[in-house]
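Visitor: Need coordinates for the below:
(chains A, B, C and D)
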Amino acid sequence: MDLSFSPEEEAFRQEVRTWIAENMPPHLKAKAEHAAYFEMPEVMEWHKLLYAKGWVAPHWPKEFGGPGFSATQRFILGEELELAGAPPLSPFGLVMVAPLIMRFGNDAQRARFLPKILSGEEVWCQGYSEPNAGSDLASLRTMAVDAGDHFVVTGQKTWTTYAQYADWIFCLVRTSTEGKKQQGISFLLVEMNTPGVEVKPMQTLGDTPAFCDTFFDNAKVPKENLLGPLNGGWNLAKALLGHERTLVAAVGQTRRNLRLAKRLAAHHRGADGKPLIEDPHFRGKLARLEMRLRAHQMTNYRALAEQQKGHHPGPESSILKLVGSMLVQEADELCMEIMGQSSLAWHDDEAVEPFERWVPPTFCYDRATTIYAGSNEIQKNILAKLILGLPSA
Amino acid sequence: MDLSFSPEEEAFRQEVRTWIAENMPPHLKAKAEHAAYFEMPEVMEWHKLLYAKGWVAPHWPKEFGGPGFSATQRFILGEELELAGAPPLSPFGLVMVAPLIMRFGNDAQRARFLPKILSGEEVWCQGYSEPNAGSDLASLRTMAVDAGDHFVVTGQKTWTTYAQYADWIFCLVRTSTEGKKQQGISFLLVEMNTPGVEVKPMQTLGDTPAFCDTFFDNAKVPKENLLGPLNGGWNLAKALLGHERTLVAAVGQTRRNLRLAKRLAAHHRGADGKPLIEDPHFRGKLARLEMRLRAHQMTNYRALAEQQKGHHPGPESSILKLVGSMLVQEADELCMEIMGQSSLAWHDDEAVEPFERWVPPTFCYDRATTIYAGSNEIQKNILAKLILGLPSA
Amino acid sequence: MDFDLSDDQKMLAKTVGDFGKKESTLERFRKLRDADGPGWDKATWKKMGELGWLSIPFPEEVGGLGGSFVDAGIVLEQLGKTLVPEPYLSSVVLGGHALWLGGASAQHEKFLAPMMEGDTTLSLAFTERGVRFDARCCTTTARRDGDGWVIAGEKSFVLDGHSADHFVVAAMSDEGMQLFVVDAADTARKTVRLMDGHRAAHVTLADVRVGEDRRLSARPATEVLERVLDFGAAATVAEGLGVAFAMLWMTVEYLKTREQFDVKIGTFQALQHRAVDMFVEVELLKSIHTESAVRASEDGEERARAVSAAKLQLAQGGQLVSRQAVQLHGGVGVTDEHDIGLYFKRMHSLVTLCGDEATHVARYAASMDAT
Amino acid sequence: MDFDLSDDQKMLAKTVGDFGKKESTLERFRKLRDADGPGWDKATWKKMGELGWLSIPFPEEVGGLGGSFVDAGIVLEQLGKTLVPEPYLSSVVLGGHALWLGGASAQHEKFLAPMMEGDTTLSLAFTERGVRFDARCCTTTARRDGDGWVIAGEKSFVLDGHSADHFVVAAMSDEGMQLFVVDAADTARKTVRLMDGHRAAHVTLADVRVGEDRRLSARPATEVLERVLDFGAAATVAEGLGVAFAMLWMTVEYLKTREQFDVKIGTFQALQHRAVDMFVEVELLKSIHTESAVRASEDGEERARAVSAAKLQLAQGGQLVSRQAVQLHGGVGVTDEHDIGLYFKRMHSLVTLCGDEATHVARYAASMDAT
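Guide: Presented below is the predicted three-dimensional model:
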């Protein structure tokens, strides 16, 4: 048993840290400093810088342009990026659809899509949920009707995050109403500028325009854009859900939040005039969060060590999602509490210090962490069934 | 709206307080002082003193020997008794079976049973749960077979608390296997010295001999001991469950626990040599408990005011059980935490101060508060269905 | 002991509740929130004045209806249910009570009366940048100047200060803390948009001159502030009860209608029990709100204890309700389009205003009986 | 980074686990608990010595097997699963490590070697009545007397002190804190029964004379105590992990077999999610236990931080598991007949020993980086 990183790994960490310090543009650094929300153009600017360095897709195999990193290197890179507050890359292309294209796509599809995902030339979004198919994804109703050399797609997708910036959307669509509802689903790649595709952005609780509804009205989609077998889309969806869970341990995000909480606690003073970080109550709260985070971080390392050995993340990775999302929210709540009445300000650069400005919107937006990527209730159902072996009703 | 007690009510409170001070025997006072466990003979000794005063059954109608108290007087009497740490009377006769005998019994049954319940001459216990019928009470299997002028009873009852001291047990028994399982249940009164009735006490987690199993092996029970209609016992059971819930708000018990916690916190010192009650962390914990208790107490007063107006406690009284049991456990846990390593001692009068001696067994035994009288999970099911109107699966 | 509202109080609750349902819906709130205006409107305020809602908690000798703070609590609870945006908390409870308790009759007539009629609004300017919830920490100064005073300093997060006609300003003088009525026109102010859609102001007092007739001297200013902030805290609980109540039943309704996996999601036991947890907290909040509303007008330590206990329940129970309500709504709960988030944001403000959880627990702990 | 046990360690875990399952079941624990004897037995201790479990964490130069504290953690975790009552925590971890770190080779030979062989047991006598978890608060005194020392004072709750052959006693001298090896025969002791079925002793040292050869002076006593108490705290976490693991799976098994309302109660979603909450806490405990077991042997602040974080997780997560396990068992869970309560009681001890939640949070907070 050995909890330390090897000298090579530590050297790699240093290399990453230095590279970020030297290559992150000043306007992005300023935003990172204040934990601000990054607009999609900024995200893509950063994507292209990482692409140039060869680090944009650390988990991709070498044959498709990945850097051939070990699991630990991937982890270190991710952690350093999070800690630096770098813009979080859009996962829809790099992390979500690309591995499916590698695994289920044909050579033409691989050649068509992967290079542009890597370079950032084409931006992707995800068309899964529908107004009446959220946790119960298999109830989706967006229809793709066979019309010879193309499908005609009609329906509505919701939570198509950043669809307004996307060039492509990957969708689960219904191609058959026979059999179990999971059986008639196919996985389709749709170009956003297809006639009949319309995007309606909506604001989140944090007032960021992240969410969208995407409507399909008799949109023609060439059959070559079918990924995997016809009516076989559910297997692709399941493969992807496992991926998603390991994305959300959010250790770096919580560590950054905790750092922000300490900074806020050094800034705000209690009735006795002392900074709150010297107040036993708030200091105790900060300590508890840091201690719990430590346990979570070790759980994340354990999962990493398993992946390092080539094991695929199993259902127990749901724990990372459950605990990570909880800690993110706890950290947000603590920041808000420390800010006191300043936490009431909304997007106001003058009313509060610049580094406080994004705390309230983040607090609001992060309520989504226990909901998205499979709500925490769904994760618990999965663990109850697959790990504890509890019987179904 | 008026939150104060009337001058008459305050005078009654003073009368009760004085009477307890003057009439509680010294050996019971000594135990009360140390929050000790009362043996059943001590409980009955106290019962007889209250009986002589006319206060043993404050909720009984005057015609059966009750004192004709208002709901508020009943509450005040109960609260003062709890605060004084007086032995908690056995509820099985006075609170549980007696109201059923009044409501469902015939005149002969009333004349036979009620006076001796009141005087404490006969002690009762409850035969409801069975090893495989706990939360799901209607699944009970103890059979009472019709044999002319008597029933022959065979089966096993569990959690027959204090059965080893009881002269009588009231039982739910199966008299028919037809129809829904609730329909074949009858309510039977059984003398404990009936041949074939056997009691096996078992220890609780607190090492008190409160729990028993009671076995019936072809016990002959005269038909005159059937309470209410044959196969109509389920209605009696339901009437009783409502009663039970309002018993368990435990405001007095938690206030006494909190007082004990403060005493412990004044006794135990932290690393800085100061009593823990001056330590911000522990003082804050005590304050939080007292503040939450305050909200619970007001909820209890609200229920009381409703009863005062003659309204029967509805399903919302489940809240009193849920919150009361939680607060009892929180207070126990806080006492244990304050005691530090002294909390490891078990029934040891010399290792710790006398007033600390019962804290660990009480902490253990009180795990039952969230389980007995309808587990908290069952209470939540009731509230979800009857108050929130949520649909059944 | 009697927890029933009087017939008049029941009528008041019904009238205010109906007003919210019919005339001040969430749609209205949303429009006012998103518009460039002050976030509320004068005609509605005037109407509230005419209906007596603004004068009800004040005694008849100052021109009020002679009700009690319990009545103000009734109004606030009902206003909370549909997030009515008019400045009741800031103007009636904070500014109004400061004027009532601190002022003499000429001041009542001049400043309190028009507010009670709905012609003006008042704001209490007591919070300053970087100070947590302690009104005694005050860097704004007042010095005697001839037969008047000169006030200098900055007040931040003055609730509804962007639209107030008069401020009651707390300032420190050589003779201790003072309260003054200052015309908004004599100050420089900047509107601050708040998370919950309300507005506040940062108010700069650059050597503002006021006469002695603007000083509230009927009672010591520290005593007035202490009492007014307890009224304010009790008011946040009253409104918070309305907010929590609305969130609970909106969520229950959602559980009864939303389907997933071919069943109503309200059939899932884990969600049922979560909804019950919310219900339990709302009931506890209702109980302790009653005590805090009744005791808010009392003298002595029990007032502060009841109010602080109520604020703790708002912070713990109210926030449990608020967070679970969003969670149980799933994805739609975190969009600005859905109404549940409006309540979520308001709950955060109410928990924070007039002293947050840590502040009230510390205050209670300090005054707690040691036995 | 590598979380895998070595092959030897896997074998050790299996051997100890099998021993618990076959030779030291809960039934054995119960018998020893209820009997009048010491609560454990010498033959089993001797066997543990022969198997090397008592010597595994000590270096070869003091006669140990040259393993690490991680190995002791493996043993403790497995012993926890069936509540093996032998004094591993008190004798190997507390007493043994104090002797190892504080002692010179003659002392290792004389006192540590026979303990490692299972012939004797050691107890660390550092706690005193009325003192919370701070070994530095010490009223027991040691004064020089000729070429030896005289020790006077009382130690309370000395774990397994009722049956120990030697005590390592902390005492305050003019020259600061000292540790001495004292023969149990030279003290007066009274057995204290503990809630969890174990025993401790109150030990009176009435002017006990010992030679200078009994003083542990290889390192400063305060440093030894600090390190040993961190080993002890990490040990409670290791054993606590075994206890929590056993409770989790015993409860899951109960949910799968117990029927009510004609179904397995494990089909109820509210109970499923509760069981998942337990599982999550056990996994977090496993993670942070690993860190604390590894770092317990390190120098520097990170050792204390990792150990304190692990104790917090035991206090929060371990107790959540313990309380929910009883709750999910319903009525049988609160009888002494059922085994789940045995674990419940042991968990309380482990949470408390070597510093409870408040103590470790305060320690962590004091050393926490401010940025």
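
Visitor: Please count neighbours and contacts with C-alpha atoms only from this point.
Guide: Will do.

Visitor: Can you pull the residues of chain A lying near chain C?
Guide: A:132-136, A:139, A:159, A:202-207, A:211, A:268-271, A:281, A:337, A:340-342, A:344-348, A:351, A:360, A:364-365, A:367-368, A:370-372, A:375 (CA under 8 Å from any CA of the partner chain).

Visitor: Please enumerate the strands of the chain.
Guide: Reading this off chain A. A:124-127, A:143-146, A:150-158, A:168-174, A:185-191, A:197-202, A:211-222, A:226-227 (DSSP state E).

Visitor: To clarify, I was referring to chain C.
Guide: C:122-125, C:141-145, C:148-159, C:166-173, C:176-183, C:188-193, C:199-211, C:259-260, C:263-264.

Visitor: Which stretch among the ones you listed is buried most, on average?
Guide: With neighbours taken as mean count of other CA atoms under 10 Å in any protein chain shown, the strands of chain C reach their highest mean count in strand C:122-125, at a mean of 32.

Visitor: by contact count, what packs against that one?
Guide: Other helices and strands packing on strand C:122-125, by 3 or more CA pairs under 8 Å, 6 or more residues apart in numbering or on different chains; DSSP states H and E, are strand C:148-159, strand C:166-173.

Visitor: pLDDT value on the residue nearest to C:T267 when sequence neighbours are not counted, please?
Guide: Counting by CA to CA, 6 or more residues apart in numbering or on different chains, the nearest residue to C:T267 once its immediate chain neighbours are dropped is B:A393, at 4.7 Å. pLDDT, B:A393: 76.

Visitor: Equivalent analysis for C:E239, please.
Guide: For C:E239, the pLDDT comes out at 98.

Visitor: Give the full set of residues in contact with it.
Guide: With contact set as CA atoms under 8 Å, 6 or more residues apart in numbering or on different chains, C:E239 has these partners: C:G73, C:L76, C:E77, C:Q78, C:L79, C:G80, C:K81, C:L350.

Visitor: now, which of those sits nearest A:I76?
Guide: Of all the contacts of C:E239, C:L350 has the smallest distance to A:I76: 41.6 Å, by CA to CA.

Visitor: isn't the closest one right up against C:G242?
Guide: No: the pair C:L350 / C:G242 is not scored as a contact, 11.2 Å apart, by CA atoms under 8 Å.

Visitor: Does C:D4 touch B:M1 like I think?
Guide: Yes: in this structure, C:D4 is within contact of B:M1 by CA under 8 Å, at 5.5 Å.

Visitor: Relative to C:H198, how far out is the residue nearest to the spatial centre of chain C?
Guide: Nearest residue to the geometric centre of chain C (CA atoms, centre = their mean): C:L89, 3.4 Å. Relative to C:H198, C:L89 is positioned 12 Å away (CA to CA, to the nearest Å).

Visitor: Could you pull out the helices in the stretch 51-200 of chain A for me?
Guide: Here the stretch 51-200 of chain A has its helices, by DSSP state H, counting those that start in this stretch, at A:71-83, A:91, A:98-104, A:107-119.

Visitor: which of the residues in stretch C:7-15 are buried?
Guide: Of all the residues in stretch C:7-15, those buried under the rule 16 or more other CA atoms under 10 Å in any protein chain shown are C:Q9, C:L12, C:A13.

Visitor: And that stretch, how far out from the chain middle?
Guide: Distance, stretch centre to chain centre, for stretch C:7-15: 20 Å (CA atoms, centre = their mean, to the nearest Å).

Visitor: about what we covered before: just the residues of chain A next to chain C: which are in helices?
Guide: Using DSSP state H, the subset of the residues of chain A next to chain C located in helices is A:H281, A:E337, A:P360, A:C364, A:Y365.

Visitor: what's the pLDDT at the closest residue to A:S176 other than its chain neighbours?
Guide: Spatial nearest neighbour of A:S176, excluding adjacent residues (CA to CA, 6+ apart): A:G184 at 4.2 Å. On pLDDT, A:G184 comes in at 95.

Visitor: Can you verify my assumption that A:G184 contacts A:T175?
Guide: Yes: in terms of CA under 8 Å, A:G184 counts as a neighbour of A:T175; the distance is 5.4 Å.

Visitor: quick revisit: pick the most buried one from the strands of chain A.
Guide: Of all those, strand A:124-127 has the most neighbours on average by mean count of other CA under 10 Å, namely a mean of 26.

Visitor: what packs against that strand?
Guide: For strand A:124-127, the elements it packs on are strand A:168-174, judged by 3+ CA pairs under 8 Å, 6+ apart.

Visitor: The strand it packs on - what's its average pLDDT?
Guide: For strand A:168-174, mean pLDDT is 97.

Visitor: Next: stretch C:208-219.
Guide: So the average pLDDT for stretch C:208-219 ends up being 97.

Visitor: Ends of that stretch, what's the gap?
Guide: This stretch, stretch C:208-219, spans 23 Å end to end (CA to CA).

Visitor: so where do the helices sit in the stretch 201-350 of chain C?
Guide: According to DSSP H, counting those that start in this stretch, the stretch 201-350 of chain C carries its helices in the segments C:221-257, C:269-295, C:301-313, C:319-329, C:340-352.

Visitor: rewinding a little: neighbour count: A:G184 and A:T175, which is higher?
Guide: A:T175 (23 against 19; other CA atoms under 10 Å in any protein chain shown).

Visitor: Report the contact partners of the more buried one.
Guide: By CA under 8 Å, 6+ apart, the contact set of A:T175 is A:M143, A:A144, A:V145, A:D146, A:G184, A:I185, A:S186, A:L230, A:N231.

Visitor: Confirm for me that the first one is in contact with A:C171.
Guide: No: in terms of CA under 8 Å, A:M143 does not count as a neighbour of A:C171; the distance is 10.7 Å.

Visitor: just to revisit the earlier point, wait, the residue nearest to C:T267 touches C:L271, no?
Guide: No: taking contacts as CA under 8 Å, B:A393 lies outside contact range of C:L271: 11.9 Å.

Visitor: Among the two, which residue is more densely surrounded?
Guide: The neighbour comparison of B:A393 against C:L271 (other CA under 10 Å) goes to C:L271, with 21 against 11.

Visitor: re earlier: mind putting the contacts of C:E239 into CSV with distance to chain B, pLDDT and neighbour count?
Guide: Formatted as CSV, the contacts of C:E239 follow (distance: CA to the nearest CA, whole Å; pLDDT from 0 to 100; neighbours: other CA atoms under 10 Å in any protein chain shown):
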residue, distance to chain B, pLDDT, neighbour count
C:G73, 13, 98, 29
C:L76, 17, 98, 29
C:E77, 16, 98, 27
C:Q78, 18, 98, 29
C:L79, 21, 98, 27
C:G80, 21, 98, 26
C:K81, 18, 98, 23
C:L350, 18, 98, 26
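
Visitor: could I get the strands of chain C as CSV with distance to D:S173?
Guide: Compiled in CSV, the strands of chain C are given as follows (distance: least, CA to CA, whole Å):
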stretch, distance to D:S173
strand C:122-125, 61
strand C:141-145, 58
strand C:148-159, 58
strand C:166-173, 56
strand C:176-183, 55
strand C:188-193, 64
strand C:199-211, 63
strand C:259-260, 72
strand C:263-264, 73
